[in-house]
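**Q** Just a sequence and a predicted model for now, questions to come.
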Amino acid sequence: MFEGFAHRRIATSGAEIYAAVGGEGPPLLLLHGFPQSHVMWHRLAPALAERFTVVAADLRGYGQSERIAGDPAHMRHSKRVMAQDQVEVMRSLGFERFAVAGHDRGARVAHRMALDHPERVERLAVIDIIPTVEVFERADQAMATAYYHWFFLIQPGGLPEHLIGLDPEFYLRRTLGSWGSGGEVFTEEAMADYLRAFRDPAAVHAMCEDYRAAASIDLDHDRHDREAGRTVRCPTLALWGANSIVGRLYDDPLAIWRRYAPQTEGQALPGGHFLPEERPQETLAALMGFFGVSETV
């Protein structure tokens with residue numbers, strides 16, 4: 001996977017971040033979600049690299065990036081801090097302005113990046129999420145059942161870390177096969193990469209801290225922006241799986257997104273949550289079109 005890409009470890013002001021860098025053309029940052037790594041882009045990155053300089057990075061605590069211990073306020077894993085990591089990565093590579101596409105947690109980091117660093121983000125693509133504050137404020141029994149992990153992973157005192165650590169492979173495989181995309185969509189090579197990190201207790205802790213931040217400091221940041229009328233200023237693409245939790249629970253994801261990013265366009269794609277691995281051609285075509293390349297690859 002990622003043949004021809006350079007493998008970089010970049011020290012930012014807060015963490016050492018891993019990134020696979022390849023291709024030529026306008027810079028495009030790719031951010032992954034839970035419980036994965038940059039490897040989730042392996043079916044799209046080579047084609048994207050024919051038109052863009054692709055930077056597929058691991059979020060702090062995930063994949064091959066540095067594990068950072070949590071703090072009581074969960075600030076070290078806030079989307080604001082995680083976005084700052086990636087802005088510094090791009091700057092270190094010589095990119096002051098760039099496009100960004102994020103899936104799942106990476107999409108939440110990308111959303112925060114577009115708010116905090118509007119001068120950096122030219123175009124934003126978010127895959128299979130609605131804004132974090134909307135998830136919590138719209139919570140009902142259906143959401144809590146489908147997104148049970150949002151409430152499990154935020155439990156304090158190391159509870160989720162301990163329980164996951166008893167059988168990390170079971171939890172990982174169960175999670176990857178639970179959100180509208182069957183486990184068969186993941187290659188064994190990709191699964192091995194995800195599992196390698198997931199067997200590290202420090203990585204699991206960082207992932208839990210990511211979710212704890214989403215239920216605390218991230219909400220403070222999101223509500224502050226909403227009360228101030230602060231929205232994403234750049235063109236935004238929202239994609240979601242027709243069979244994903246987003247596709248099943250929310251009647252009009254575009255209408256939700258346009259409250260936070262007025263220039264949002266987008267659509268449902270056939271498939272579940274893990275669209276870049278389940279539906280790579282459809283996802284690639286949508287991203288190529290949005291980021292200014294009319295031809296499909």
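**A** Done, it's in.
**Q** can you give me the helices for the stretch 101-250 of the chain?
**A** 105-116, 132-137, 141-146, 148-152, 159-166, 168-176, 188-198, 201-214, 217-227, 245-249 (DSSP state H, counting those that start in this stretch).
**Q** closest one to residue 277 among those?
**A** Nearest to residue 277, of all the helices of the stretch 101-250 of the chain, is helix 188-198, at 7.1 Å by CB to CB. Heads up, the C-betas are built off the backbone N, CA and C, glycines and all.
**Q** buried stuff in the closest one?
**A** By neighbour count on 16 or more other CB atoms under 10 Å, the buried set for helix 188-198 is 190, 191, 193, 194, 197, 198.
**Q** From residue 267, how far off is the first one?
**A** Just to be clear, that refers to residue 190. From residue 190 across to residue 267, the span is 25 Å (CB to CB, to the nearest Å).
**Q** ditto for residue 191
**A** 29 Å.
**Q** Quote the end-to-end distance of stretch 68-78.
**A** Stretch 68-78 has an end-to-end distance of 12 Å (CA to CA, to the nearest Å).
**Q** quick one: low-confidence parts of the protein?
**A** Regions of the chain meeting the criterion pLDDT under 70 cover residues 293-297.
**Q** which residue is nearest the middle of it?
**A** residue 106 (1.7 Å; CA atoms, centre = their mean).
**Q** ok, that residue touching residue 32?
**A** Yes - counting by CB atoms under 8 Å, residue 106 does reach residue 32; the two are 4.9 Å apart.
**Q** what touches both of these two?
**A** residue 59 (CB atoms under 8 Å, 6 or more residues apart in numbering).
**Q** before we move on, the earlier item: looking at the helices of the stretch 101-250 of the chain, which is closest to residue 3?
**A** Using CB to CB, the nearest of those to residue 3 is helix 188-198, at 12.1 Å.
**Q** Contacts for the closest one, please.
**A** Contacts for helix 188-198 (CB under 8 Å, 6+ apart): 1, 35-37, 39-40, 42, 62-64, 164, 168-169, 171-173, 176, 186, 203-204, 277.
**Q** Just the buried ones from the residues you listed?
**A** Here, 16+ other CB under 10 Å leaves 35-37, 39-40, 42, 62-64, 164, 168, 171-173, 176, 186, 203-204, 277 buried among the contacts of helix 188-198.
**Q** Residue 54: which element?
**A** Assigned by DSSP states H and E, residue 54 falls within strand 53-57.
**Q** Ok, residue 30 next?
**A** Short version: residue 30 belongs to strand 27-31, going by DSSP H and E.
**Q** Just the C-alphas of that strand, formatted as CSV.
**A** The C-alpha trace of strand 27-31 is given here as CSV (Å, rounded to 0.1, in the frame of the first residue of the first chain):
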residue,chain,number,x,y,z
PRO,A,27,-1.9,19.9,-1.8
LEU,A,28,-4.7,17.6,-0.5
LEU,A,29,-4.7,16.5,3.2
LEU,A,30,-6.5,13.2,4.0
LEU,A,31,-7.6,12.5,7.5
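**Q** Flag every buried residue along the helix or strand following it.
**A** Remark: after strand 27-31, the chain's next helix or strand is helix 45-48, criterion DSSP H and E. Judged by neighbour count (16+ other CB under 10 Å), helix 45-48 contains these buried residues: 45, 46, 47, 48.
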